[in-house]
Structures are given as C-alpha cells and as structure tokens.
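Q: My questions concern the predicted model and sequence given below.
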Amino acid sequence: MSAPEHLPPHLPEIDNGLLRFLTCGSVDDGKSTLIGRLLYDTKAILADTLHAIANTSQKRGLDAVDLSLLTDGLVAEREQGITIDVAYRYFSTGTRKYIVADAPGHEQYTRNMVTAASTANLAIILVDARKGVLAQTRRHSVIAHLMGIPHLVVAINKMDLMNHDPAVFERIRADYLDFAAQIGIGDVQFVPMSALNGDMIVERGDQLGWYAGPTLLEILESASSEHGERDERFRFPVQYVCRPQQADDPMLHDFRGYMGRVESGEVAVGDAVTVLPAGRATRIRDIQIGGVSLPVAIADQSVTLLLEDEIDISRGDMLVRADAASAPKSAIRAKLCWLSETPLDAQRRYLIRHTTRDVKAKLANIHHLLDITTLQQRDATMLVMNDIAEVGFRLAQPICCDTYAENRATGAFIVIDEATNNTVGAGMIL
C-alpha cells in the first residue's frame with residue numbers, strides 16, 4: 001500500500017485556518033479507520049509510524065495495513081479492539097490545519113464524547129451501511145447538537161459491503177433526516193464512503209460514481225472555522241495581572257498589564273471597554289504581544305492589554321466592549337453532563353470554573369433529565385455518570401457569562417469537586 005503522490009488538484013490553494021472536528025458513532029462503524037485513512041492519504045504519517053503499524057497488522061494476520069491502529073493508542077483499546085478514551089490527532093493538508101478527535105462509541109463513554117464535542121466545530125457521524133441509523137447514532141447526534149457543533153456530516157461507511165448500492169445510501173439519508181427534523185438539526189451533509197478502501201475520503205475512488213457531491217476532505221476544507229460562524233462580541237477574561245518588579249527601569253515603574261486570551265471578537269487601541277463584574281469603564285491604551293505593540297487583538301490571540309485608567313482588576317474579571325456588556329449573574333440555568341462516577345449531591349457545595357474565574361456553587365434544582373435514546377424529558381432527583389439534565393445553580397459570586405448558543409467560550413463551565421479537585425461535570429449556560 002503506498003500513499004498518493006499528491007492531493008487532488010481541485011482542492012483550493014488557500015489557508016482556511018484551523019478546524020477542530022470529531023468522529024463519533026456506534027462501535028465498529030469505522031471511526032478509527034476513517035481517521036487513519038485521512039492521515040494516510042494526506043501523507044501525515046511518519047515512515048517509522050507506518051512501519052510499526054504495518055508490523056502489528058502483519059502479526060495479526062492481516063493482508064493490509066490496519067489504519068485504525070493510528071488512533072487506538074491505549075493498550076486496553078488495542079486488546080479489546082475498541083476506542084475507550086478520546087484520541088486526538090493533528091494533520092495538515094497544506095491548505096488547512098486540523099485537530100481531530102476520535103470519540104468512543106460505547107454508551108458508557110458518553111462523557112468522553114462530550115469532552116471531545118466541547119471544542120469541535122464539525123462532527124462526523126459514522127453510520128454502518130449494513131446497520132443504518134442506530135440508537136447510538138441518534139445519541140451522538142443529540143449530544144453534538146446540544147454542544148452547539150454547527151456542522152454535522154453523516155458519513156455512511158462500509159458501502160463496499162453493500163455493493164455500493166445508491167438505494168442504501170438514500171434510505172439511510174432519509175431515515176436520518178426524519179430524526180434530525182425532530183431535534184432541530186439543520187446543517188447536515190451526507191457522504192457515502194469506504195474508509196477501508198479510501199473511496200470518497202480524500203480521493204473519489206472508482207466505485208461510487210453515482211455520488212456527485214464533495215468528498216469528505218473537500219467538506220472539511222471548506223467548513224467554517226470556529227470564529228467564522230457569526231460576528232462575536234469581544235470577551236477577554238483576565239488570567240494574570242502583570243506588574244514587573246524592575247522598579248529602577250522608568251519604563252516599567254508604572255507598568256500594569258492585563259494578560260489573557262481573546263476568547264471572541266476583537267478590540268483595538270482606543271476602544272471603550274467595561275470591566276465586569278464591577279462595571280467600571282475605560283479605554284484600551286495599548287495592546288502588546290511579547291512587548292511589541294499591536295493596533296488590534298483578535299479571537300484566540302494571547303495578549304497583554306494596557307488601560308487608560310487605573311482600575312482594580314484581578315484574575316477572573318472580564319473586559320468587554322462598552323456597548324456589548326452582559327449583566328453578571330449570581331444564578332444560572334444550564335444543560336449539565338455529569339462526568340463523575342459519584343452522583344451529583346444536591347446537599348454538597350461545588351466549584352464552578354467559568355473562563356478564568358472559580359466560584360462556589362450549590363445545585364438549586366434539577367428541572368428535568370433528558371433521555372438521550374427517546375429524546376423525552378423526565379423528572380429526576382439526582383444525576384449519575386453520563387446523565388444530561390437541565391439544572392439551576394446558585395453562585396456565591398457573580399460570573400460574566402453569555403448563553404452557550406451565543407458564545408461557546410463564555411457560555412461553558414466545568415464543575416469541580418472541592419474535596420478531590422476532580423472535574424465532575426460540564427455545563428452549557430442557557
């Protein structure tokens with residue numbers, strides 16, 4: 001088996017930025033093989049890695065290289081032949097960089113899939129052409145939708161085992177669209193493929209000529225990046241207050257910079273901003289990266305902001321545009337996925353980590369539990385591992401948040417057990 005000498009000439013020769021995506025679906029749908037095929041056909045595999053998995057495949061008595069071994073890295077996974085943890089891989093096509101997460105297929109690892117979905121901007125839902133849309137297909141689709149992933153691609157895999165029959169593709173497509181309409185999934189594309197043979201992954205292959213749509217890689221190349229979906233409001237959680245100690249340097253004597261990452265939007269020198277939760281107003285005096293001044297800071301840049309006025313600001317405060325501030329909240333309503341083996345205890349106090357701020361919190365109520373399989377809501381008095389519910393929290397201090405639908409960075413939080421410091425929940429503010 002040899003890698004292609006070049007990518008298809010029809011791919012655009014532009015930089016579309018970084019795309020984070022995940023693959024998910026039922027067990028044995030071919031998620032790991034699909035990622036391995038993407039890495040192999042885009043020539044993102046080092047020669048020694050390819051040699052190692054070739055030897056492993058030969059020891060297993062396989063005639064061809066088992067590309068799924070590229071992502072099934074845990075010993076337990078190799079022994080069982082399934083994916084347990086979330087495996088992350090990085091590759092580039094020359095026109096775009098990618099971070100891909102291979103989410104586990106078993107129902108008991110739903111929490112791992114939630115973790116992978118929290119940063120993804122596109123999800124590939126794999127469907128075995130022999131089995132069609134299954135309960136786990138619907139479960140992962142619902143989670144991807146709840147986590148706000150804007151683009152879904154339904155990859156109907158193993159078409160080679162169904163004689164590449166277009167009727168099979170159309171039947172599965174119709175079944176999925178019926179389900180998607182029930183939960184409000186709008187942006188969804190369908191691709192027939194064979195991850196094992198490489199048809200419709202990077203190259204089109206010779207067996208699916210009746211399909212006129214784009215290959216999987218062409219969809220990935222043209223998908224919008226995280227901050228390209230909408231005009232986002234400027235949000236800058238303060239991570240660190242920089243006060244250099246070289247008092248003998250007159251240039252640094254009065255230096256006070258606020259360091260952090262621009263989570264969304266942009267800000268320019270001279271812009272009016274508000275410091276939350278205090279509500280104090282000021283303007284941006286300078287923007288620096290490594291001591292070099294910039295006129296503008298954009299999303300995902302880690303910068304130091306200098307302000308025109310001396311204001312009491314500490315870690316956990318947030319800078320926003322003066323005309324786009326949101327009211328700090330001491331109580332929140334959220335979708336919560338419980339990650340811990342220890343059930344949620346309504347009598348206990350937890351820590352909520354929201355951007356760079358940690359606040360003490362108590363559960364106010366559980367509005368309802370979502371049954372992922374039936375999509376029905378039901379009453380609940382407790383949450384156990386992998387449960388997803390709509391809950392309310394009371395906070396000891398206000399947080400400066402947006403809804404998750406508006407801003408995934410400032411609309412998300414994690415729940416931490418004070419006693420163990422373990423992350424026990426992940427939430428999305430409503």
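A: Nice, I can see it.
Q: Let me know the pLDDT of the closest residue to residue 134 other than its chain neighbours.
A: Using C-beta to C-beta, 6 or more residues apart in numbering and skipping residues adjacent in sequence, the residue nearest residue 134 is residue 26, 5.1 Å away. Heads up, the C-betas are built off the backbone N, CA and C, glycines and all. On the pLDDT scale, residue 26 is placed at 79.
Q: quick one: the nearest residue to residue 335 once chain neighbours are set aside and residue 411, what's the gap?
A: The shortest distance from residue 335 to any non-neighbouring residue, by C-beta to C-beta, 6+ apart, is to residue 428 (4.5 Å). Separation of residue 428 from residue 411 (C-beta to C-beta, to the nearest Å): 6 Å.
Q: Common neighbours of these two, please.
A: Common neighbours of residue 428 and residue 411 are listed as residue 404 (criterion: C-beta atoms under 8 Å, 6 or more residues apart in numbering).
Q: Three-state assignment for residue 404, please.
A: When classified by DSSP: H, G, I helix; E, B strand; the rest coil, residue 404 comes out as coil.
Q: same question, residue 156
A: What three-state DSSP gives for residue 156 is strand.
Q: one step back: what's around the residue nearest to residue 134, how many residues?
A: Neighbours of residue 26 under the rule other C-beta atoms under 10 Å: 22.
Q: Could you do residue 379 as well?
A: Residues lying near residue 379 (other C-beta under 10 Å) number 8.
Q: and if you look at the one 10 residues further on?
A: By the criterion of other C-beta under 10 Å, residue 389 has 21 neighbours.
Q: Not counting sequence-adjacent ones, nearest residue to it?
A: residue 369 is the one closest to residue 389 (C-beta to C-beta, 6+ apart), at 4.5 Å.
Q: you'd agree the one you found is up against residue 377?
A: Yes. At 7.0 Å, residue 369 and residue 377 qualify as touching, with contact defined as C-beta atoms under 8 Å.
Q: Please say which of those two ends up with more neighbours.
A: Between residue 369 and residue 377, counted using other C-beta under 10 Å, the more crowded position is residue 369 (21 against 13).
Q: who's the more buried one bridged to?
A: Beta-bridge pairing of residue 369 under DSSP bridges involves residue 378, residue 389.
Q: Quick one: residues contacting it.
A: For residue 369, the contacting residues are 377-380, 383, 387-389, by C-beta under 8 Å, 6+ apart.
Q: Which residue ranges of the chain form helices?
A: 31-41, 47-59, 75-80, 110-117, 135-146, 166-183, 216-222 (DSSP state H).
Q: Which one of those has the poorest average confidence?
A: Lowest mean pLDDT within those: helix 75-80, at a mean of 42.
Q: in the chain, what spans have low per-residue confidence?
A: Residues of the chain that meet the criterion pLDDT under 70 lie in 1-16, 46-54, 56-58, 61-87, 104-110, 226-230, 245-254.
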